[in-house]
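**Q** Give me a model of this one.
(chains A and B)
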Amino acid sequence: MIDESILKTLTVLYVEDDEFIRKMLARFLKRRVAAVYDASNGKEGLETYIKHQDEIDVVITDIEMPVMDGKEMIERIFEVNKSQPIIITTAYRDEEHTSDKVCRNVIKPIDEEQLLESIMYCIGKHRVEV
Amino acid sequence: MFKDSQDIYKSIFTHSQSVMWVYDPQTLGIVEVNDSACCFYGYTREEFCQKNLTDIIVNTEGQIRENIRDILDGKLRYLTHRHRISTGEVRDVEVYTGSFMIDNNDYVCCTIHDITDKLRVEQQNKTILRTCFDGFLMVNIEGRPIFVNESYCNMTGYSREELLQMTISDLEVIESPQETQRHIRRIIETGKDIFATRHKRKDGSIIDVESSANFIKSDNVIFSFIRDITERKRMEEEIMTMNLNLKERIKEEVGKNRLIDQVMYEQSRHIAMGELLMNISHHWRQPLCAIGLILQDIKDAFLHDELSYKYLDNDVAIAMSELKALSDTVDNFRDFYNSDRERRQFNIAGEINRAVALLSGYMRNRGIVIYKTLDETLTIHGLPNEFARAILNILTNAKDILERRNIVNGVINITLQKDDSIGKIIISAMDNGGGISDDIIDKVFDPYFTTKDKTRGTGIGLYMSKVIIERYHNGHILARNINNGWCEFRIEI
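**A** Presented below is the predicted three-dimensional model:
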């Protein structure tokens, strides 16, 4: 079971270039977490992260995006905080679109329950490590 | 007949066109000359009559007197001499002589023919025959050689003396003696013949010869130039054998190439199918994800007491719109990889748009922007599906380059227009992927040429584009670098 009270304390950064998907998933997340920041590409996502890094608990990001892709953004976020919990949401289950460095890889179409579990897993793992 | 015969004879002598003079065989002094003689020797009559035979004839006095004895005895009526004329020049002459007696004194009358030019021509002819590489054979109508040159002696290995003792039949290999006689008769009738035959050399070996024979009617002889064509025949046979082998080789290679073409076509079809699936999957991923989220959102809204009819209606409308996008993708690309059954007139912009649409999902994901400036009115006759594939291969190549080189803000610029100055349709696809290095720019259309990893490219795409454009649409395709890292693939049809 997912402890919704923990979710309610979390702030999530969601980076996705597809506007409709971003809107739908952000709506889903907003019903469950404390706050959601969203961004439409890696560059915006990195800027938002740097601005709100003290608040952000989990980063959820797509990989293929214009301007700056998810892979690069992830590297740059790790430069800022190498233990930042990050979840990749991608349509492709291959090396190019997934990463061992992040906490979880969630393959699209997104199962929202699975995503919530992933968030809880990453937070729990992170808290144990810290 | 004449009243005063002496005057008449004198007149005949004086005015004859033949060079004539009379000398005294005792004193060797010249006693009478005619006008033609004065003209020929370059003396006046008075000067000439002061001369002695030894002044004129280039010979010793002893030899001259010996000849005179024979002339007076009637044994010698014709001889050839060399005569010196007034300029000191020496001329070759034929001399016809006759002696007569007046008042008990002997006189000799000479008629002179200048044969200097005739001898020179004869000499030239002899030199030609002696120095020419071809053999020369003069035979009488019985086929017996009466003259041979050195080249023919060398060719056959016989000496001149030996050859003059032989007949043509002794040398001839192919024709029997009877056939040779018939051949000679035919040459006499027609005047000439050029033919190939074989002659036997003294050592028994055989040579191939080509003979050009001419019948000289005035002398009743046949002149025959004979060329040794043994080496030529050998080379002709070699070339013929080579040609035969070459034909076989060409047939073999053409067969191989046809097979390679078939294999390549199959390979390109497989690759194309793979690309089709990949491209369709790019078009499908996002709608599938969106529909998944909508379905989950309906449940989520219900759980959060937010699900009104309006909310549901809105989500269903969006889901239907996404489903329509999926359906359109299938419609758009269903025919794309089918081979055209027959040639037809088609709209070029339509096919370019089809190729761009197929890649658009992928391009969008990779942040590559495609700009199009297309003249929508232009049409050509050909195979539209093949044509669209040729364009797709070019765009895929550009996309791969942009991706592999990590070009930020990758752009592909496509233009389609008619260039009225050359009367051709120009399709240009330019990308800012950094261009093609000079050492490989000539090879990009070669089959199996690729700079990509083995897993990513087979080197067939651009080759197939070239084949489709050049073979099926009578066009021309080239690749070139433009400034600032731009590369252009240009099709002229």
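
**Q** When you work out contacts or count neighbours from here on, use the C-alpha atoms and nothing else.
**A** Fine.

**Q** now for the helix or strand encompassing B:Leu259, which elements pack on it?
**A** Using DSSP states H and E, B:Leu259 falls within helix B:230-303. Here helix B:230-303 touches helix A:19-30, strand B:206-216, helix B:309-334, helix B:348-365, going by 3 or more CA pairs under 8 Å, 6 or more residues apart in numbering or on different chains; DSSP states H and E.

**Q** Could you tell me which residues of chain A lie near chain B?
**A** Listed as neighbours of chain B in chain A under the rule CA under 8 Å from any CA of the partner chain: A:18, A:20-21, A:24-25, A:28, A:64-67, A:91, A:108-112.

**Q** pLDDT check: weakest of those residues?
**A** Taken together, these show their lowest pLDDT at A:Pro66, with 80.

**Q** Kindly indicate whether it is helix, strand or coil.
**A** Assigned with DSSP: H, G, I helix; E, B strand; the rest coil, A:Pro66 falls in the coil class.

**Q** Where does pLDDT dip in chain B?
**A** Applying pLDDT under 70 to chain B flags the ranges B:1-4, B:332, B:334-339, B:448-459.

**Q** let's go with 50 and repeat that
**A** For chain B, the stretches flagged by pLDDT under 50 are B:1-2, B:454-456.

**Q** That one - how does it break down into domains?
**A** According to automatic domain parsing, chain B comprises the domains B:5-114, B:120-228, B:234-334, B:336-492.

**Q** Could you provide the ones you listed in JSON lines, with additional columns for mean neighbour count?
**A** As requested, those are arranged in JSON lines below (neighbours: other CA atoms under 10 Å in any protein chain shown):
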{"stretch": "domain B:5-114", "mean neighbour count": "16"}
{"stretch": "domain B:120-228", "mean neighbour count": "17"}
{"stretch": "domain B:234-334", "mean neighbour count": "15"}
{"stretch": "domain B:336-492", "mean neighbour count": "18"}
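
**Q** Direction included, what does the longest strand belonging to chain B pair against?
**A** Of all the segments of type strand in chain B, defined by DSSP state E, the longest one is strand B:90-102. Strand B:90-102 sits in its sheet next to strand B:78-84 (antiparallel), strand B:105-114 (antiparallel), going by DSSP bridges.

**Q** Any chance of a ChimeraX selection covering the buried ones in the residues of chain A next to chain B?
**A** Filtering those down to the buried ones (16 or more other CA atoms under 10 Å in any protein chain shown) takes a single ChimeraX command:
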select /A:20,21,24,25,28,64,65,66,67,91,108,109,110,112
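
**Q** so what's the residue in the stretch 151-300 of chain B that chain A sits nearest to up against?
**A** For the stretch 151-300 of chain B and chain A, the shortest gap (CA to the nearest CA) falls at B:Cys289, measuring 4.1 Å. Going by CA atoms under 8 Å, 6 or more residues apart in numbering or on different chains, B:Cys289 touches A:Ile21, A:Lys108, A:Pro109, A:Ile110.

**Q** For the third one, what are phi and psi?
**A** Main-chain torsions, A:Pro109, degrees, to the nearest 10: phi -70, psi 140.

**Q** What's the separation between it and A:Met120?
**A** According to CA to CA, to the nearest Å, A:Pro109 and A:Met120 sit 19 Å apart.

**Q** what's the answer for B:Gly367, then?
**A** 32 Å.

**Q** before we move on, what about B:Leu374?
**A** From B:Leu374 to A:Met120 the distance is 52 Å (CA to CA).

**Q** same deal with B:Glu94?
**A** B:Glu94 is 138 Å from A:Met120, by CA to CA.

**Q** Then B:Leu323?
**A** Between B:Leu323 and A:Met120 the computed distance is 32 Å (CA to CA).

**Q** show me what contacts A:Ile123?
**A** A:Asp57, A:Val58, A:Pro85.

**Q** My guess is the first one contacts A:Leu7. True?
**A** No - the pair A:Asp57 and A:Leu7 does not pass the contact test of CA atoms under 8 Å, sitting 10.3 Å apart.

**Q** residue closest to the middle of chain A?
**A** The centroid of chain A falls nearest to A:Ile60 when counting by CA atoms, centre = their mean (1.1 Å).

**Q** in what helix or strand does that residue lie?
**A** Assigning secondary structure by DSSP H and E places A:Ile60 in strand A:58-61.

**Q** strand partners of that strand, parallel vs antiparallel please.
**A** Here strand A:58-61 is paired, per DSSP bridges, with strand A:11-15 (parallel), strand A:86-90 (parallel).

**Q** Could you name the stretch from these that's closest to B:Tyr265?
**A** When the strands paired with strand A:58-61 are ranked by distance to B:Tyr265, counting by CA to CA, first place goes to strand A:86-90 at 34.4 Å.

**Q** now the closest one against helix B:230-303, angle please.
**A** Counting by axes from the mean of the first three to the mean of the last three CA atoms, to 10 degrees, strand A:86-90 points 120 degrees away from the direction of helix B:230-303.

**Q** Tell me which residue in the stretch 301-450 of chain B sits closest to chain A.
**A** Of all residues in the stretch 301-450 of chain B, the one sitting closest to chain A is B:Gly367 (4.2 Å; CA to the nearest CA).

**Q** B:Met138 versus that residue, what's the distance?
**A** According to CA to CA, B:Gly367 and B:Met138 sit 94 Å apart.

**Q** what's near enough to touch whichever residue of the stretch 1-150 of chain B sits closest to chain A?
**A** In the stretch 1-150 of chain B, the residue that lies nearest chain A is B:Phe133 (81.3 Å; CA to the nearest CA). Residues near B:Phe133 by CA under 8 Å, 6+ apart: B:Ser151, B:Arg227.

**Q** correct me, but A:Lys71 touches A:Ile63?
**A** Yes - at 6.1 Å, A:Lys71 counts as touching A:Ile63 under the criterion of CA under 8 Å.

**Q** Could you tell me the angle between the helix ranked longest in chain A and helix B:230-303?
**A** Criterion DSSP state H: the longest helix present in chain A is helix A:112-129. Helix A:112-129 runs at 90 degrees relative to helix B:230-303, counting by the same axes, to 10 degrees.

**Q** ok, what's across the strand from B:Gly382?
**A** Going by DSSP bridges, B:Gly382 forms beta bridges with B:Arg344.

**Q** quick one: furthest residue from the center of chain B?
**A** Extreme point of chain B relative to centroid (CA atoms, centre = their mean) is B:Asp305; 91.6 Å.

**Q** and it, helix, strand or coil?
**A** Following three-state DSSP, B:Asp305 is assigned to coil.

**Q** List phi and psi for it.
**A** For B:Asp305, the backbone dihedrals (degrees, to the nearest 10) come out as phi 60, psi 40.

**Q** tell me the contacts of it?
**A** For B:Asp305, the contact set (CA under 8 Å, 6+ apart) is empty.

**Q** how near is it to B:Asp297?
**A** Shown here: B:Asp305 relative to B:Asp297, a distance of 12 Å by CA to CA.

**Q** what do you get for A:Glu64?
**A** A:Glu64 is 24 Å from B:Asp297, by CA to CA.

**Q** before we move on, what about A:Lys8?
**A** Taking CA to CA as the measure, A:Lys8 falls 19 Å from B:Asp297.

**Q** Check B:Tyr43 too.
**A** When distance is defined by CA to CA, B:Tyr43 is 141 Å away from B:Asp297.
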